[in-house]
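**Q** Just to be clear, the model below is a prediction. Sequence and coordinates:
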Amino acid sequence: MKKLRGFFVFSLVFILFAGAGYIISKQSNHDLNASENATTRTTQETESTASEQYNLITKITLPHTSISITKGKKRVIKADFRYGSNTNLENEPFEWKSKNTDIVTVNKKGIIKAKKAGKTYIICSSISGNIKVRCKVMVREPYNKVVSMKLNTSHIQLGKNHKRKIKPIINYGNSKYTKEPIIWSSSNNKIASVKNGVIRGKKNGTTYIKAKSKYTNKAVRLKVTVKNTKYIAVTFDDGPGDYTDKLLDALEKYHSKATFFVLGNRVNTYKKQLKREYNLGMEVGSHTWAHKNLNVISKNDVKSEIFKARDAVKNIIGEFPTLLRPPYGNFNKTVSKNAGVPMIYWSVDTEDWKHKNVKYISKYLLNHARDGEIILLHDIHSTSVDGFIKALPKLKKKGFELVTVSELYEIYGKKLKKGIMYYGPNSNR
């Protein structure tokens, strides 16, 4: 009987506890549901309130899906809004937000401020949150922007699988920051491609190479013809002179380059011509100060001949000569040691100084021009200049592209070293 009574008591206690747990659980679920319903009601009430109080935004349009801005700068984004038809009500407000305020902030007027380099998004949304649109913002470090950019030629020619490097003349702002990048592109990559200014011919035809500043959108364009091409470097010694401008006119007209080995004691008299040579992309080399035979003068005089000419050129064009041609081609250890740049001989000597005849010089050039040759002329003789000008269009028709000495060696894939004498890329010397 005692056992039966004990079992009855235990069962009664269990039932009481189970009932209490059910009541607690039911109350807890009721509270949770009540909370969820309250949240839903709050959202619904917000939407309902917006719907009741405002003429709702139905569409938001931004002028850009992505923008780039420099750190520390500001930019305004103006959103365009479309509203519902209930014009009796005030238009629904909107708000701006940044997903990462460490990178950019944005105020209620859409004014973005770039704080540090990186990428994030700004979001414009209706106050109800029903309509949203975003714009990617890329913040870059400050840069020295391109003020102007130009090329010293409008047309070049090259052969298939040949490479030529183009260097735009760029003026930057006065800034301590990194220079603004230049973006290169080809209108037809199947004909010629370009990378960092190096153009590669791929297929016969014509295309256009474009160089554009990345942020300020300054741009220049170059026509490129790919065809069977032979390259020569025509050099002119002893100038500048009275006939140099006429020569430069012809070179410019036929999109051709030359190398000028100038005398230091003449450059101040012909400053205009020297500057024009440089600005047209011709290569300016030194022919010493006064054309002395460097093999028969003292070491100090050798240094003086080289350094005085070098400094005189820089005072006019802002850069030292890139090459040296010792007078008569004569050099020794002292000359090599003090040259400071590669030394250039020639592989074709027209002897134009002796044969002062236009027809002779023109015919000689046409008969002796070969791929890779370095040709010697003098721009202080009118017959030399006129003979060259007469031959120039015929050389072009024969497939010759006239380039500078340094570019000729680049095309042949050969590097020039200072203090070494070079006789042409085809020479074994």
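**A** Yes, it's here.
**Q** Now do the same contact list for E373.
**A** 232-233, 347-348, 424, 426 (C-beta atoms under 8 Å, 6 or more residues apart in numbering). In this view, the C-beta of every residue, glycine as well, is placed from N, C-alpha and C.
**Q** Can you report phi and psi for it?
**A** phi -80, psi 150 (degrees, to the nearest 10).
**Q** hang on, the earlier thing: kindly reformat the contacts of E373 as a markdown table containing pLDDT.
**A** Converted to a markdown table, those look like this (pLDDT from 0 to 100):
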| residue | pLDDT |
| --- | --- |
| I232 | 98 |
| A233 | 98 |
| S347 | 97 |
| V348 | 98 |
| G424 | 97 |
| N426 | 93 |
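**Q** Show the buried residues in those.
**A** For the contacts of E373, a burial check counting by 16 or more other C-beta atoms under 10 Å picks out 232-233, 347-348, 424.
**Q** Apart from its neighbours in sequence, what residue is nearest E305?
**A** T288 (4.2 Å; C-beta to C-beta, 6 or more residues apart in numbering).
**Q** Quick one: mean pLDDT for whatever helix or strand S185 lives in?
**A** Using DSSP states H and E, S185 maps to strand 182-186. Average pLDDT, strand 182-186: 97.
**Q** mind listing what's buried in it?
**A** Buried positions in strand 182-186, judged by neighbour count with 16+ other C-beta under 10 Å: 182, 184, 186.
**Q** circling back: state the distance from the residue nearest to E305 to H155.
**A** Separation of T288 from H155 (C-beta to C-beta, to the nearest Å): 34 Å.
**Q** So for the two, which residue has more residues nearby?
**A** Taking other C-beta atoms under 10 Å, T288 and H155 do not tie; T288 has more neighbours (26 against 14).
**Q** so that one makes contact with L294?
**A** Yes. Using C-beta atoms under 8 Å, T288 is in contact with L294, at 7.1 Å.
**Q** Can you pull the residues that touch both of the two?
**A** Taking C-beta under 8 Å, 6+ apart as the contact rule, T288 and L294 both touch 305, 326-327.
**Q** where in the stretch 51-200 of the chain is pLDDT low?
**A** Nowhere does the stretch 51-200 of the chain drop to pLDDT under 70.
**Q** and K308, backbone torsions?
**A** Main-chain torsions, K308, degrees, to the nearest 10: phi -60, psi -40.
**Q** residues of stretch 136-148 that come out buried?
**A** By 16+ other C-beta under 10 Å, the buried positions in stretch 136-148 come out as 137, 139-140, 143, 145-146.
**Q** out of these, who's nearest G110?
**A** Nearest to G110 among the buried residues of stretch 136-148: V137, at 11.9 Å, using C-beta to C-beta.
**Q** Quick check: closest non-adjacent residue to the closest one.
**A** Closest residue to V137 apart from its sequence neighbours, by C-beta to C-beta, 6+ apart: V104 at 5.2 Å.
**Q** ok, now H287?
**A** F261 (4.0 Å).
**Q** which ones are touching the residue nearest the centre of the chain?
**A** Residue closest to the mean C-alpha point of the chain, counted by C-alpha atoms, centre = their mean, is I182 at 1.7 Å. Listed by C-beta under 8 Å, 6+ apart, the contact set of I182 reads 146, 149, 168, 170, 197, 211-214.
**Q** if you set the cut-off to 6 Å instead, what comes out?
**A** Contacts for I182 were tallied using C-beta atoms under 6 Å, 6 or more residues apart in numbering; they are A211.
**Q** List the contacts of the nearest residue to S256 once chain neighbours are set aside.
**A** Spatial nearest neighbour of S256, excluding adjacent residues (C-beta to C-beta, 6+ apart): L402 at 3.8 Å. Shown in contact with L402 (C-beta under 6 Å, 6+ apart): 234, 256-257.
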